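S.K.: predicted model and sequence below, questions to follow.
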Amino acid sequence: MDLASLSSAASQMKQAETAYAASIKVAKMALDTQEMTGSSVLSILEGGSVNRAQADAEKGSLIDVIA
């Protein structure tokens with residue numbers, strides 16, 4: 001191998017390393033966002049205020065329109 005091809009290979013390896021690090025960072029950010037969204041949904045569901053019928057509601061008065 002001559003010096004030019006060795007230099008080119010080193011440059012390509014550095015570019016690949018940088019691209020890999022960037023993709024890992026983006027994946028971690030997406031995972032964090034998903035975790036926050038999941039936590040928000042769980043807190044809403046645990047609150048029990050979604051689609052809850054009142055105590056004196058007649059049978060069939062609540063229609064679930066969320067698919």
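M.R.: Yes, it's here. Quick caveat: nothing in here was measured; it's all calculated off a predicted structure.
S.K.: now Ile24: which helix or strand?
M.R.: Take DSSP states H and E as the rule and Ile24 turns out to sit in helix 3-47.
S.K.: mean confidence score for that helix?
M.R.: In this model, helix 3-47 has a mean pLDDT of 92.
S.K.: next one: it to chain centre, how far?
M.R.: 11 Å (CA atoms, centre = their mean, to the nearest Å).
S.K.: could you look up the SS state of Asp64?
M.R.: Put simply, Asp64 is coil when judged by DSSP: H, G, I helix; E, B strand; the rest coil.
S.K.: and for it, the neighbour number?
M.R.: Applying other CB atoms under 10 Å, we find 6 residues neighbouring Asp64. C-beta coordinates here come from the backbone N, C-alpha and C atoms, glycine included.
S.K.: got the phi/psi numbers for it?
M.R.: phi -90, psi 110 (degrees, to the nearest 10).
S.K.: do you know the pLDDT at it?
M.R.: Looking at Asp64, its pLDDT stands at 72.
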